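**Student:** Predicted model and sequence follow; I will ask about them next.
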Amino acid sequence: MGEIAATVSVRRQRGAVVEDRDWGTAPVDLLRSACPWRMFRWYKGQKHYSGTYWSATMRDHVIYESRLELSRLLLFFADFDPTVCGIVAQPFLLKTVLKGKVRRHIPDYLLLTGQVPVLVDVKPLHRLSKAGVEFTFGWTPQTVESRGWKYEVWSEPPAVELESSTSTAAGPCRTSPAKPA
């Protein structure tokens, strides 16, 4: 693939939408002020776990659509990374035309840092090899990086990393003092 021409649409407060701005020139301030693109719903029996997380970085709630998204926000990256000064969930709709079809993608997070913005998608490892995901995660990084931004895909952390972080989050192990012999 050569350079990919793309547009971006942003949802603003009260549902107003700024549509089809050129990806390469859309102002970062427009993207920083975006409201989440999708509205998520809760219903009995749903397969994913959506919610809001109080972010120290944002001093506000940040939405997540799965426990994997929450774990990556909370335990490993965004909210405890000193270089991250802003977190925008589902920041925009990215559109392009590839192979004669309009392709659409809503990234999970936009991380604003002191250097360059980082666009993040969160997917379980077992879904990364699916054809549609592979295709989307093929053109998305190329599009994002054409602007000089970084692109990352977050999945489950290695088990050792997860064990280490959860024991650290739980605090020191408390045991009863040894009884004298």
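**Tutor:** Thanks, I have the structure now. All values derive from a computational prediction rather than experimental measurement.
**Student:** need the helix or strand of this protein with the lowest average pLDDT.
**Tutor:** helix 159-170 (a mean of 53; mean pLDDT, DSSP states H and E).
**Student:** where's V153, which helix or strand?
**Tutor:** strand 150-154 (DSSP states H and E).
**Student:** Need the CA coordinates for that strand. PDB is fine.
**Tutor:** Extracted C-alpha coordinates of strand 150-154, given in PDB (Å, rounded to 0.1, in the frame of the first residue of the first chain):
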ATOM      1  CA  LYS A 150       2.600   6.400  16.900                       C
ATOM      2  CA  TYR A 151       0.200   3.400  16.700                       C
ATOM      3  CA  GLU A 152       0.000   0.600  19.100                       C
ATOM      4  CA  VAL A 153      -2.100  -2.500  19.500                       C
ATOM      5  CA  TRP A 154      -2.600  -3.700  23.100                       C
END
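**Student:** Contacts for that strand next, please.
**Tutor:** Residues external to strand 150-154 that are found in contact with it (CB atoms under 8 Å, 6 or more residues apart in numbering): 68, 72, 76-77, 116-123, 128, 137, 140-141, 144-145. Glycine gets a C-beta too; all of them are placed from N, C-alpha and C.
**Student:** Run me through the strand neighbours of it, direction for each.
**Tutor:** strand 118-122 (parallel) (DSSP bridges).
**Student:** mind checking how far the strand it pairs with is from the chain centre?
**Tutor:** 4 Å (CA atoms, centre = their mean, to the nearest Å).
**Student:** in this structure, which residue is closest to the centre?
**Tutor:** When CA atoms, centre = their mean is applied to the chain, the residue found nearest the centroid is Y109 (2.7 Å).
**Student:** what number of residues lie near the closest residue to that one other than its chain neighbours?
**Tutor:** Using CB to CB, 6 or more residues apart in numbering and skipping residues adjacent in sequence, the residue nearest Y109 is V120, 4.3 Å away. Residues near V120, counting by other CB atoms under 10 Å, number 22.
**Student:** Roughly how far does V120 sit from L70?
**Tutor:** Going from V120 to L70 by CB to CB, to the nearest Å gives 13 Å.
**Student:** So for the host helix or strand of V133, what gets flagged as buried?
**Tutor:** Taking DSSP H and E as the criterion, the element that holds V133 is helix 131-145. Neighbour counts over helix 131-145 (16 or more other CB atoms under 10 Å) mark 136-137, 139-141, 143-144 as buried.
**Student:** Helices of this structure, start to end?
**Tutor:** Taking DSSP state H as the test, the helices found in the chain are 28-32, 67-71, 131-145, 159-170.
**Student:** coming back round to it: which one of the buried residues of helix 131-145 is nearest to K99?
**Tutor:** Compare each of the buried residues of helix 131-145 with K99 using CB to CB and the shortest gap goes to W139, at 10.0 Å.
**Student:** OK, contacts around the closest one?
**Tutor:** Contacts of W139 by CB under 8 Å, 6+ apart are 1, 4, 96, 98, 103.
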